[in-house]
Every structure is written in structure tokens, then in C-alpha cells.
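>>> Any chance you can model this:
(one chain, ligands or ions: 1)
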Amino acid sequence: MSTMRAARFHAQKDIRVDEVPVPTPGNGQVLIDVAWCGICGTDLHEYLEGPIFIPQCGHPHPISGEEPPVVMGHEFSGVVAALGEGVTDLEVGDHVVIEPYIIRPDVNTGPNSKTYHLSQDMNFIGLGGHGGGLAEKIAVDRRWAHKISKDVPLDEAALLEPLTVGFHAVERSDVQHGDVALIGGAGPIGLLTAAVLKAQGVTVVMSELSALRRQKAIESGVADHAFDPRETDVVEEVKKLTDGRGADVAFECTSVQVVLDTLMDAVRPRGVIVVVSIWGHRSDFDIHKLVMKEIDLRGTIAYVNNHPATIELLESGKIDLKPFITGRTGLDGLVDEGFDTLIHRNETAVKILVSPSGEGL
Ligand SMILES: [Zn+2]
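Prediction:
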């Protein structure tokens with residue numbers, strides 16, 4: 001039996017590069033040679049505080065049936081290496097990105113579903129089982145492999161997954177062309193949400209503590225303004241930019257209370273606030289303000305049938321993801337270089353990509 005290298009989560013602060021069997025594509029599956037896999041904030045949380053999405057030892061995930069060790073990595077691109085039985089609409093050599101879902105087989109995941117991502121026991125490839133992108137190969141159900149043009153570089157394509165998180169958040173906001181949006185936090189998701197907004201003709205204002213991240217937001221062209229909330233009254237600036245009205249929409253991308261408070265003050269009456277970040281604690285905010293401004297506070301999680309639209313954005317050249325790739329490493333550098341940079345020097349990095357085969361490094 002042939003083997004391959006894969007980064008597997010064994011326990012908190014215990015991720016190892018293991019030799020594991022190469023998967024064979026089952027009925028309706030495709031085998032993919034992984035090109036690039038991004039490291040996500042979720043991966044860091046699993047490493048530092050997990051298992052969270054990853055099942056606990058002794059408690060296998062109800063759909064995948066897996067428990068640690070599990071292969072990590074859910075933001076990846078690759079090349080089709082083999083087709084399982086019944087797959088006739090892809091060819092070996094096609095470039096693909098993965099919508100990394102683990103969803104019960106009886107859930108409708110058809111093109112008109114708006115809710116499959118909210119179905120019971122939903123989890124992600126690379127967290128809840130079913131392999132991951134931090135391995136040389138993976139077999140995935142055809143449903144979750146999206147073909148992309150060979151004109152899109154595979155490294156940029158690895159950012160399509162977090163870009164689609166931003167796309168779904170923007171969709172949830174019902175923002176209109178010409179609106180003004182305020183984003184709290186210029187981490188990877190804040191920046192990619194900004195990229196989607198800019199591509200839709202929205203004026204983007206960002207509030208961010210890190211000077212390096214503000215610089216990235218401006219230099220990459222995804223933000224029109226980036227303010228340091230310690231030095232600038234962000235609410236006042238937003239009012240100046242909107243003739244005193246306030247932002248039409250706002251995106252909370254930090255899970256920090258004071259940021260949510262700022263967004264509450266900065267949105268216009270009947271403005272929409274979308275909470276994009278994962279909150280590990282309860283929030284405490286001025287519900288009276290929400291009532292008196294008729295603020296519309298909305299959640300968003302992951303994506304649902306949004307990949308075709310984000311792939312089109314990337315293929316059309318309306319979004320350039322290159323500026324957000326700030327580092328590259330192999331599986332051996334995953335923890336010592338990749339995780340370490342993102343944990344200890346995270347303002348210097350946006351997205352670090354891993355090449356599981358080492359190709360392209
Ligand atoms: Zn992620």
C-alpha cells in the first residue's frame with residue numbers, strides 16, 4: 001500500500017506529520033493532488049485550545065465516524081489525480097478548489113439550497129474528518145470539488161475558501177452598490193470581506209489596531225480608509241464620510257466587545273451589522289441602541305452555494321488575492337514556522353500557504 005505525508009491533529013499542541021495510506025476515491029469521489037493549503041485562524045484555535053470542531057477522543061463525529069488523529073487543512077486547491085466510479089464531469093488534470101463540508105447525506109445540498117451549512121452536525125473536511133488539505137492527496141465527494149480555470153494560479157485559489165466566507169457575509173448584509181461599509185478588524189477575513197465589497201462598488205472603511213494590517217488594507221486596494229481606533233474617532237470619521245448619516249452596513253471581524261460597540265454607533269438608523277467572527281464568550285451590548293436605531297444584527301457562518309460566484313470573481317480578475325499571500329512553507333514547517341508566525345507575529349502575516357508535496361517552495 002502506498003503512503004503519503006499528512007499533518008494530523010493528535011491532541012492540543014500535538015500536531016504531527018505522519019505517514020498515512022493514500023486514499024482511494026470511492027464511488028462519486030475524486031482524488032486530488034493538493035497544491036496549496038492555507039493555515040486558518042480556526043486551525044490555530046484547535047492547536048492552542050482544541051479540540052473544538054475536531055471531535056474529542058472517544059467521541060467520533062456522528063457523520064464522519066472519525067476522532068483524532070485527523071488530517072487538518074480546509075482551505076485548499078489542487079489538481080484532479082483520479083476519478084472514482086460515476087464521476088464523468090471532471091477530468092484528470094482539472095484544477096479544483098474544495099468547499100470543505102461534512103454534511104449528512106440526507107440533507108439537500110442542491111444548487112438552490114440556502115441552508116445546508118446550517119444542518120445538524122455540519123462540520124468541515126480538515127477538522128471533523130474526511131481527510132484534509134494538509135496532506136499530499138485527498139479523496140472528496142464530487143459535490144464539494146469546484147472546477148476552476150487553469151488561468152487562476154493554484155496558490156491564489158487556496159484563498160478562495162476564506163474569500164467565500166467573506167462573500168457569504170457580504171451577501172448576508174444586503175449591501176448595495178455605492179453604500180459605505182465599516183469593517184471592524186483587518187485580519188484575513190476582514191481583508192477578504194473588504195475585497196468582496198470593493199468588487200461590488202462599495203466604499204470600505206476599516207478599523208484596525210495594527211499599523212501593518214492597515215497598510216496592507218490600503219496598499220492592496222481593498223479599503224478606502226483604514227483607521228487606528230486608538231488615535232481616531234472612527235464613528236466621527238464614518239459620519240464625515242456619509243454626510244452625518246452613518247455606515248450602511250458593518251462587519252464585525254474581531255470578536256472584541258468594544259469593536260461591536262463602535263459598529264453599533266457607526267451604522268446609520270436601520271443599518272445592518274453582520275457578525276462574522278466566532279465569539280468564544282457572551283457579548284454585552286446596548287440593546288436599547290439596537291431598538292432605537294432599528295439596527296439589524298445578523299450572524300453569518302461559512303458559505304452556502306457561494307463558491308460559483310466567488311470563483312467567477314477570481315476568474316474575471318475583479319479580485320486579486322496575491323497581496324494576501326504573505327508566506328509559504330512545507331508540512332515540516334507547519335507548526336514551527338506557520339503556526340508560530342501566526343500566533344506570535346500575526347500582524348506581519350495575512351495568509352501562510354503550505355505545499356504538502358513541497359512543490360512550488
Ligand atoms: Zn478557515
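
>>> near the ion, which residues of the stretch 1-150 of the chain?
40, 42 (C-beta under 5 Å from the ion). From N, CA and C alone the C-beta is placed, and that goes for glycine too.

>>> Helices along the stretch 1-150 of the chain, start to end?
Here the stretch 1-150 of the chain has its helices, by DSSP state H, counting those that start in this stretch, at 41-49.

>>> got it, and the stretch 201-350 of the chain?
Going by DSSP H, counting those that start in this stretch, the stretch 201-350 of the chain shows helices at 211-219, 234-241, 257-266, 287-292, 307-315, 340-344.

>>> Comparing the ones you listed, which comes out most buried?
The highest mean neighbour count among these, using mean count of other C-beta atoms under 10 Å, belongs to helix 257-266: a mean of 20.

>>> Of all the helices of the stretch 201-350 of the chain, which one comes closest to residue 123?
helix 307-315 (17.8 Å; C-beta to C-beta).

>>> burial count for the nearest residue to residue 221 once chain neighbours are set aside?
Among residues not flanking residue 221 along the chain, residue 198 sits closest, at 6.9 Å (C-beta to C-beta, 6 or more residues apart in numbering). Residue 198 has 19 neighbouring residues, counting by other C-beta atoms under 10 Å.

>>> wait, isn't residue 198 in contact with residue 222?
Yes: Residue 198 lies in contact with residue 222 (C-beta atoms under 8 Å); the separation is 5.2 Å.

>>> quick one: common contacting residues for the two?
Listed as contacting both residue 198 and residue 222 by C-beta atoms under 8 Å, 6 or more residues apart in numbering are residue 204.

>>> Pull the number of nearby residues for residue 158.
28.

>>> Show me what the closest residue to it other than its chain neighbours is bridged to.
Nearest non-adjacent residue to residue 158, counting by C-beta to C-beta, 6+ apart: residue 36, 3.9 Å away. Residues in a beta bridge with residue 36, per DSSP bridges, are residue 77.

>>> circling back to that earlier point, now the helices of the stretch 201-350 of the chain as a markdown table including mean pLDDT?
Output for the helices of the stretch 201-350 of the chain, formatted as a markdown table (pLDDT from 0 to 100):
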| stretch | mean pLDDT |
| --- | --- |
| helix 211-219 | 95 |
| helix 234-241 | 98 |
| helix 257-266 | 96 |
| helix 287-292 | 95 |
| helix 307-315 | 97 |
| helix 340-344 | 92 |
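
>>> Kindly report the domain assignment for this protein.
Following automatic domain parsing, one gets these domains for the chain: 3-159+321-355, 162-299.

>>> Centre of the chain to the longest one, how far?
Relative to the centre of its chain, domain 3-159+321-355 is centred 12 Å away, using C-alpha atoms, centre = their mean, to the nearest Å.

>>> and that domain, how far apart are its ends?
17 Å (C-alpha to C-alpha, to the nearest Å).

>>> Equivalent analysis for the shortest one, please.
Across its full length, domain 162-299 reaches 16 Å between end residues, using C-alpha to C-alpha.

>>> Does that domain reach the ion?
No: shown here: domain 162-299 not in contact with the ion (C-beta under 5 Å from the ion), separated by at least 5.8 Å.

>>> quick one: pLDDT of the residue nearest to residue 221?
Looking at residue 198, its pLDDT stands at 97.

>>> Residue in the chain with the shortest distance to the ion?
The nearest approach of the chain to the ion comes at residue 40, 3.0 Å away (C-beta to the ion).

>>> Is it correct that that residue is in contact with residue 76?
No: using C-beta under 8 Å, residue 40 is not in contact with residue 76; the gap is 10.5 Å.

>>> So for these two, which residue has more residues nearby?
Regarding residue 40 and residue 76, a neighbour count based on other C-beta under 10 Å identifies residue 76 as having more, with 31 against 24.

>>> With adjacent residues omitted, what lies nearest to the more buried one?
Here the residue nearest residue 76, using C-beta to C-beta, 6+ apart, is residue 133, at 2.9 Å.

>>> Distance of the one you found relative to residue 324?
17 Å (C-beta to C-beta, to the nearest Å).

>>> before we move on, back to that, any chance of the domains of the chain in JSON lines, plus distance to residue 309?
Below are the domains of the chain laid out as JSON lines (distance: least, C-beta to C-beta, whole Å):
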{"stretch": "domain 3-159+321-355", "distance to residue 309": "11"}
{"stretch": "domain 162-299", "distance to residue 309": "6"}
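
>>> what mean pLDDT does the lengthiest helix in the chain have?
Across the chain, the helix with the greatest residue count (assigned by DSSP state H) is helix 160-173. Averaging pLDDT along helix 160-173 gives 98.

>>> Mind listing what's buried along that helix?
For helix 160-173, burial by neighbour count (16 or more other C-beta atoms under 10 Å) applies to 160-173.
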